[in-house]
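*Asks:* Next input, structure requested:
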Amino acid sequence: MPKRTVDRMLAGFKSFKAMYYEQRPERVEDLVNMGQKPEVLLIACSDSRVDPAILTNAEPGEMFVIRNVANLVPPYEPDENYHGTSSAIEFAVRDLKVKDIVILGHSACGGMQALVEHGEAGKVPDRDFIGEWVSMAKCCLHHGPDVDEVSRQSVANSLGNLMTFPFIKERVEIGDLKLHGWWYGMKEGILWQYDSAKDEFIEGL
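*Replies:* Model (predicted):
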């Protein structure tokens, strides 16, 4: 009988521990004693197929990662409601002082599929939270029913929403913070990068 995924994950932790606590203990000691100092805030989708640390081969401590349905960034709306994504963005920018923010979208995104189905056919997701969450990207639906194209445009839209945060806008304008939009095509294994000057995604790596 094949091992359950959770059992393989426990075995994976043993490998991680061997690498970083036995072979490279200085890396962990630095993170524990000096605290985290990531240079990059990466906002990714919760999709299990798109793990940013695996895709980028990042080391522990290099990225501050936010993951949510469809890698969305809400606009700046300080009020009495709960703001998990916005609070994490605020911490990364104002306290950790990251130098780059990357929004990582991807093909075959379930959140964007829900948005397209809702917008095109009026189908409301049979869920308590997902429909309202993805509706923040409904402005992207005018690009047509192609889920991947809507997903790419959503990345651009979220980059715009980042600039509604005063503490982000200020640092971007003085050149102290850079924003990046990436889109991962899973089938081809290609990473597209958003060119804000041309308002389009350029095939990259």
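
*Asks:* hey, where'd the strands end up in this protein?
*Replies:* Secondary structure of the chain (DSSP state E): strands at 40-45, 63-68, 100-106, 178-185, 190-195, 200-203.

*Asks:* so how far is the second one off the chain centroid?
*Replies:* Which is strand 63-68. 6 Å (C-alpha atoms, centre = their mean, to the nearest Å).

*Asks:* For it, enumerate the helices and strands it packs against.
*Replies:* strand 40-45, helix 52-56, helix 84-90 (3 or more C-beta pairs under 8 Å, 6 or more residues apart in numbering; DSSP states H and E). Bear in mind the C-beta positions are built from the backbone N, C-alpha and C, glycine included.

*Asks:* Switch these over to TSV; also include distance to V69 and mean pLDDT.
*Replies:* Listed next are the helices and strands packed on strand 63-68 as TSV, based on distance: least, C-beta to C-beta, whole Å; pLDDT from 0 to 100:
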stretch	distance to V69	mean pLDDT
strand 40-45	7	98
helix 52-56	15	97
helix 84-90	10	98
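
*Asks:* these two touch, right, V50 and W182?
*Replies:* No. Using C-beta atoms under 8 Å, V50 is not in contact with W182; the gap is 10.8 Å.

*Asks:* Please identify the deepest-packed of the helices and strands packed on strand 63-68.
*Replies:* strand 40-45 (a mean of 24; mean count of other C-beta atoms under 10 Å).

*Asks:* which other helices and strands contact it?
*Replies:* Applying 3+ C-beta pairs under 8 Å, 6+ apart, one finds that strand 40-45 contacts helix 52-56, strand 63-68, helix 84-90, strand 100-106.

*Asks:* Any figure for the gap between G189 and R49?
*Replies:* Distance, G189 to R49, using C-beta to C-beta, to the nearest Å: 12 Å.

*Asks:* of those two, who's got more company?
*Replies:* Per other C-beta atoms under 10 Å, whichever of G189 and R49 has more neighbours is R49, with 12 against 9.

*Asks:* Report the contact partners of that one.
*Replies:* Contact partners of R49, counting by C-beta atoms under 8 Å, 6 or more residues apart in numbering, are H106, M186.

*Asks:* if I look at it, how far off is Y184?
*Replies:* 9 Å.

*Asks:* One more: A53?
*Replies:* Distance from A53 to Y184, by C-beta to C-beta: 13 Å.

*Asks:* same check, this time on V93
*Replies:* 24 Å.

*Asks:* now do H142
*Replies:* 23 Å.

*Asks:* So the two - more neighbours on which side?
*Replies:* A count of neighbours by other C-beta under 10 Å puts Y184 above the other of H142 and Y184, at 22 against 9.

*Asks:* Quickly list what the more buried one is bridged to.
*Replies:* With DSSP bridges applied, Y184 shows beta-bridge pairing to H106, L191.

*Asks:* can you pull the contacts of it?
*Replies:* V50, L55, L104, G105, H106, S107, I190, L191, W192.

*Asks:* so where's this structure shaky on pLDDT?
*Replies:* 120-125 (pLDDT under 70).

*Asks:* Could you rerun that using 50?
*Replies:* Residue ranges of the chain with pLDDT under 50: none are present.

*Asks:* Show me the longest helix that occurs in it.
*Replies:* Of all the segments of type helix in the chain, defined by DSSP state H, the longest one is helix 147-162.
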